[in-house]
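[1] can't give you the sequence, but here's the structure:
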Ligand code: UD1
């Protein structure tokens, strides 16, 4: 298994191109199941999760061709995917694939809406929490589907004549359930209103793509989505929005290592809360013509207290990265995780580098230390692993991160992007 080795202490200077958002690319690819026509997606990042979803969608009969990077001269433009689901040949999403990536459960809505039935494996638990799918099922039932759980699979059957629009009030904000119901509702009969919908920008991106495909959706970007169903969607061309989590991750990395970096292609409006938190730590953040410039030259790191919240609050997907930065703050910070109950696996690993973190329930108290020292650590999930990279950039000596396949799920060319800015980081490829 590959490892990543970092020798800390180098400042970061230069430009980091920001890729297309993983969390938008995945549901956008799934949205292609809603139409027999061709959906073209530009700026798709080359990530393990994207490749795995491509395999899953091909199982359902999707035809996918990819134009390589060379077709896109801009450094932060990813690949162009052409997706055609002329016929859905298989309405089952098998356990072996869904268990490897939770977002693949979101094929449920589109397949059910288009084919009248779907059989999708329950995703199972994952490292950051139990992550149930009750809200997804609640939404499908409200649209008239009959839902049965059989042998670990959700078996969903639409009523005669197809799904019917409904008013759905989610008791809790869920990104996945919002995506799933939104996509299904575009092909339901009549109007669907989703209240307490997640407002994450990736949902807006998917909604805008659905509108290009012929859907009628009001309230994009708000917590009430109003969808007028149609019997058929068309093909479209859509560009995936920039990855706000990758943006925030590199912004925190620059704050941690010190230096001056432009995050090109980044969009500040996608992560105002995270960037204003970063500014409070004493890092300068400025919008530029081409993206965002992050600078920390000299000066200490001010401690801050944050709790994670659905968008527009501080994102749970940046919690581990912020914690890594706070391990070197001049004082004590408090971070409360309100979205996932077990998203603190990075704490033990950061402790191996010398961090001083106390955990009480959903709250971590981080006392800044004068120095971190490199060590062997283990990547446990996507965002936790990148927090170890940030800590490694600050630590004295060598840090080796094992199990980096977690990083490859969500960060495109991470070592390259950082080493071009002066980081001493390399991938140790196993034989
Ligand atoms: C998505 C993101 C993930 C991010 C998360 C929260 C993608 C591919 N993944 O995950 O990176 O960390 O949003 O911003 O976009 N819940 C239920 N019942 C449900 C569904 C969710 O109780 O049916 C709970 C979850 O356990 C969690 C909370 O709701 O506590 C939020 O989860 P959700 O927003 O659904 O996360 P995902 O869509 O899985």
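    Looks like it came in fine. Everything numeric in this text was worked out from a predicted model, so none of it was measured. Residues are numbered from 1 along each chain as shown.

[2] surely residue 5 is within a helix?
    No. Read with DSSP: H, G, I helix; E, B strand; the rest coil, residue 5 is strand and lies in no helix.

[3] if I look at it, how far off is residue 253?
    The spacing between residue 5 and residue 253, counted by CB to CB, to the nearest Å, is 16 Å. C-beta: built from backbone N, CA, C; applies to glycine.

[4] ditto for residue 104
    Residue 104 is 29 Å from residue 253, by CB to CB.

[5] of the two, who's got more company?
    Using other CB atoms under 10 Å, the more surrounded residue of residue 104 and residue 253 is residue 253, with 29 against 26.

[6] touching, residue 157 and residue 141? I think so.
    No. If you go by CB atoms under 8 Å, residue 157 and residue 141 don't touch, sitting 11.2 Å apart.

[7] list the buried residues in stretch 358-366.
    362, 364, 366 (16 or more other CB atoms under 10 Å).

[8] quick one: secondary structure of the second one?
    To tie it back to what came earlier, the one meant is residue 364. Going by three-state DSSP: residue 364 is strand.

[9] so which bits of the stretch 251-400 of the chain are right by the ligand?
    Along the stretch 251-400 of the chain, the residues adjacent to the ligand under the rule CB under 6 Å from any ligand atom are 316-317, 339-340.

[10] could I get the full set of strands for the stretch 101-250 of the chain?
    117-121, 146-150, 153-157, 167-169, 191-195, 216-218, 224-228, 236-239 (DSSP state E, counting those that start in this stretch).

[11] give me the contact list for the second one.
    Taking CB atoms under 8 Å, 6 or more residues apart in numbering as the criterion, the residues outside strand 146-150 that touch it are 122, 137, 140-141, 154-157, 159.

[12] what does the last one give?
    Contacts to strand 236-239, defined as CB under 8 Å, 6+ apart, come from residues 20, 28, 39-43, 205, 208-209, 212-214.

[13] can you rerun that using 10 Å?
    20, 24, 28, 31-32, 35, 37-44, 77-78, 80, 82, 205-206, 208-215 (CB atoms under 10 Å, 6 or more residues apart in numbering).

[14] same question, the fifth one
    Applying CB under 10 Å, 6+ apart, the contact partners of strand 191-195 are 139, 142-143, 163-170, 177-178, 181-182, 184-186, 203, 216-219, 223-229.

[15] hang on, the earlier thing: redo the strands of the stretch 101-250 of the chain as JSON lines? Include distance to the ligand.
    Below are the strands of the stretch 101-250 of the chain laid out as JSON lines (distance: least, CB to the nearest ligand atom, whole Å):
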{"stretch": "strand 117-121", "distance to the ligand": "13"}
{"stretch": "strand 146-150", "distance to the ligand": "12"}
{"stretch": "strand 153-157", "distance to the ligand": "11"}
{"stretch": "strand 167-169", "distance to the ligand": "12"}
{"stretch": "strand 191-195", "distance to the ligand": "13"}
{"stretch": "strand 216-218", "distance to the ligand": "18"}
{"stretch": "strand 224-228", "distance to the ligand": "15"}
{"stretch": "strand 236-239", "distance to the ligand": "17"}
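
[16] my read is that residue 235 contacts residue 212, right?
    Yes. Look at residue 235 against residue 212 with CB atoms under 10 Å: they come within range, at 9.0 Å.

[17] higher neighbour count, those two?
    A side-by-side neighbour count of residue 235 and residue 212, using other CB under 10 Å, places residue 235 first with 17 against 14.

[18] which residues sit in contact with the more buried one?
    Applying CB under 10 Å, 6+ apart, the residues near residue 235 are 32, 35-40, 82-84, 212-214.

[19] which of those residues are buried?
    Buried, going by 16+ other CB under 10 Å: 32, 35, 37-40, 82-84, 213-214, out of the contacts of residue 235.

[20] and residue 241, how many neighbours?
    Neighbour number of residue 241 under other CB under 10 Å is 21.

[21] and what of residue 297?
    10.

[22] what is the burial count for the residue in the chain that the ligand sits nearest to?
    For the chain, the residue closest to the ligand is residue 176, as judged by CB to the nearest ligand atom, at 2.9 Å. Residue 176: 20 surrounding residues under other CB under 10 Å.

[23] now do the strands in the stretch 301-431 of the chain.
    According to DSSP E, counting those that start in this stretch, the strands that the stretch 301-431 of the chain contains are 305-307, 332-336, 356-360, 363-367, 376-378, 398-402, 424-428.
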